[in-house]
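A.B. asks: just a sequence and a predicted model for now, questions to come.
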Amino acid sequence: MSLIESLGLSHPIIQAPMAGVSTPAMAAAVSNAGALGSIAVGAADAESGRSMIEAVRAQTGRPFNVNLFAHAPARNDPVREAAWLTALTPMFRAYDARPPAALREIYRSFVEDDAMLAMLIDLAPAVVSFHFGLPSPAAIAALKQAGCLLLATATNEVEARAAEQAGIDAIVAQGYEAGGHRGAFDPEALDDQLGTFALTRLLATRCSLPVIAAGGIMDGQSIRAALALGAVAAQLGTAFIACPESSADEAYRAALASAAAHHTVMTRVISGRPARCLANRFTAWGAEAAAQPPAYPIAYDAGKALNAAARARGEGGFGAQWAGQGAPLARAMPAADLIDLLAREMRESA
């Protein structure tokens, strides 16, 4: 039985769990439309994660995906963090604000969050996925024992092989085109920047696990192309930003509809890890900054504070406006309608 059949999906489409975009309402709408909806709980604690899962279940009885961050826990570097705050101070002052006195790790990695693991085992969502790495063998075994199907992001063959050996059930092949955070296990390692289609074909021919293509896929024609390369499904994130169920704010939506959509950039300035974002005032500043951002997610503490200060003064150009290279192809419509349109485009391109 294929991955899609095992989940009872009508369409080989997965809504990416983009933080700042995905919501319980969106996940439920996508799942009810026959695809796989997703929610991101990586930046939440166990209690909030439980509430999000229960909110999805209140709106759908179909499978959905719960995504977690499995990065190496951050290490504080007081000197680097102080230098970063000093570099950001003029921008805070421009919006009549002060930078934080110190920076903190704003959320825990799943690899050390026993409460999150216990909650997931208790609720046993149909699908659990990991970004930035893999949890412990014990956590993987416990989730599989609970009946969860496990996905993990890979940006190259080495990461895919690690997921395969760890007992993961399917690989999300994240191309360099993808919006949001790069899923690389080690953000300091050389990144070959493999594109979605090259990576999908590589993993489909070199690994035994089902492959889900992700990155730059915005329409049914692109989904069909990914399937032709050996993927069993396609994961789309940027395509859902403009949906009314998305949690994207008005500044984010306006930027997506602007020329910025044609100029996405890979940046560390917002969170401390490479992530593809719509070009905005923060990414422009980051391209010229002399200081280096602290570790992820410590740097995010400063980025969120600066965004809040700017928004209080009516400036929306400092947000985490994640988007992939297919951003100009975004279409504003309810999530269920988008799934129907994608499915129709797939049929017509067959």
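C.D. replies: Received, thanks. Keep in mind that this is a model prediction, so the values were computed, not measured.

A.B. asks: what about the closest residue to residue 267 other than its chain neighbours, how many neighbours?
C.D. replies: By the measure of C-beta to C-beta, 6 or more residues apart in numbering, the closest residue to residue 267 outside its immediate chain neighbours is residue 283, 4.9 Å from it. Heads up, the C-betas are built off the backbone N, CA and C, glycines and all. Neighbours of residue 283 under the rule other C-beta atoms under 10 Å: 23.

A.B. asks: give the contact list for residue 211.
C.D. replies: 170, 171, 173, 200, 203, 204, 230, 231, 232 (C-beta atoms under 8 Å, 6 or more residues apart in numbering).

A.B. asks: run the last query once more with 7 Å
C.D. replies: 171, 173, 200, 203, 204, 230, 231, 232 (C-beta atoms under 7 Å, 6 or more residues apart in numbering).

A.B. asks: can you list those residues in JSON lines and add secondary structure, pLDDT and distance to residue 328?
C.D. replies: Shown next, in JSON lines, are these (DSSP: H, G, I helix; E, B strand; the rest coil; pLDDT from 0 to 100; distance: C-beta to C-beta, whole Å):
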{"residue": "171", "secondary structure": "strand", "pLDDT": "98", "distance to residue 328": "28"}
{"residue": "173", "secondary structure": "strand", "pLDDT": "98", "distance to residue 328": "23"}
{"residue": "200", "secondary structure": "helix", "pLDDT": "98", "distance to residue 328": "22"}
{"residue": "203", "secondary structure": "helix", "pLDDT": "98", "distance to residue 328": "27"}
{"residue": "204", "secondary structure": "helix", "pLDDT": "98", "distance to residue 328": "28"}
{"residue": "230", "secondary structure": "coil", "pLDDT": "98", "distance to residue 328": "27"}
{"residue": "231", "secondary structure": "coil", "pLDDT": "98", "distance to residue 328": "23"}
{"residue": "232", "secondary structure": "coil", "pLDDT": "98", "distance to residue 328": "27"}
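
A.B. asks: and of those, the nearest to residue 31?
C.D. replies: residue 232 (17.5 Å; C-beta to C-beta).

A.B. asks: my guess is that closest one meets residue 1, correct?
C.D. replies: No. With contact defined as C-beta atoms under 7 Å, residue 232 and residue 1 do not form a contacting pair (11.5 Å).

A.B. asks: between those two, which is the more surrounded one?
C.D. replies: Using other C-beta under 10 Å, the more surrounded residue of residue 232 and residue 1 is residue 232, with 18 against 6.

A.B. asks: what about this structure, which residue is the most distant from its middle?
C.D. replies: residue 96 (32.0 Å; C-alpha atoms, centre = their mean).

A.B. asks: how close does that residue get to residue 314?
C.D. replies: 12 Å (C-beta to C-beta, to the nearest Å).

A.B. asks: same question, residue 217
C.D. replies: In terms of C-beta to C-beta, residue 217 sits 34 Å off from residue 314.

A.B. asks: got it, and residue 250?
C.D. replies: 11 Å.

A.B. asks: and what of residue 10?
C.D. replies: Applying C-beta to C-beta to residue 10 and residue 314 gives a distance of 44 Å.

A.B. asks: got it, and residue 260?
C.D. replies: 18 Å.

A.B. asks: the more surrounded of those two?
C.D. replies: Using other C-beta under 10 Å as the criterion, residue 260 and residue 314 rank with residue 260 on top: 21 against 8.

A.B. asks: coming back round to it: which strand or helix spans the residue farthest from the centre of the chain?
C.D. replies: Assigned by DSSP states H and E, residue 96 falls within no helix or strand.

A.B. asks: list the buried residues for the helix or strand harbouring residue 79?
C.D. replies: Assigned by DSSP H and E, residue 79 belongs to helix 78-94. Residues 80, 81, 83, 84, 85, 87, 88, 91, 92 are the ones in helix 78-94 that count as buried (16 or more other C-beta atoms under 10 Å).

A.B. asks: who touches the next helix or strand after that helix?
C.D. replies: From helix 78-94 onward toward the C-terminus, using DSSP H and E, the following helix or strand is helix 114-123. Defining contact as C-beta under 7 Å, 6+ apart, one finds that helix 114-123 is touched by 46, 49, 50, 53, 66, 110, 128, 139, 142, 143, 146.

A.B. asks: of those residues, grab the buried ones for PyMOL.
C.D. replies: The PyMOL selection below is limited to those of those classed as buried (16+ other C-beta under 10 Å):
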select buried, resi 46+49+50+53+66+110+128+139+142+143
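
A.B. asks: how about stretch 228-237 as PDB, C-alpha atoms only?
C.D. replies: The C-alpha trace of stretch 228-237 is given here as PDB (Å, rounded to 0.1, in the frame of the first residue of the first chain):
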ATOM      1  CA  ALA A 228       6.900  12.000 -12.700                       C
ATOM      2  CA  LEU A 229      10.300  12.300 -11.100                       C
ATOM      3  CA  GLY A 230       9.400   9.600  -8.500                       C
ATOM      4  CA  ALA A 231       7.800  11.600  -5.700                       C
ATOM      5  CA  VAL A 232       4.700  10.100  -4.100                       C
ATOM      6  CA  ALA A 233       3.400  13.500  -3.100                       C
ATOM      7  CA  ALA A 234       4.200  17.200  -3.100                       C
ATOM      8  CA  GLN A 235       4.400  19.500  -0.200                       C
ATOM      9  CA  LEU A 236       3.300  23.100  -0.700                       C
ATOM     10  CA  GLY A 237       3.700  26.000   1.800                       C
END
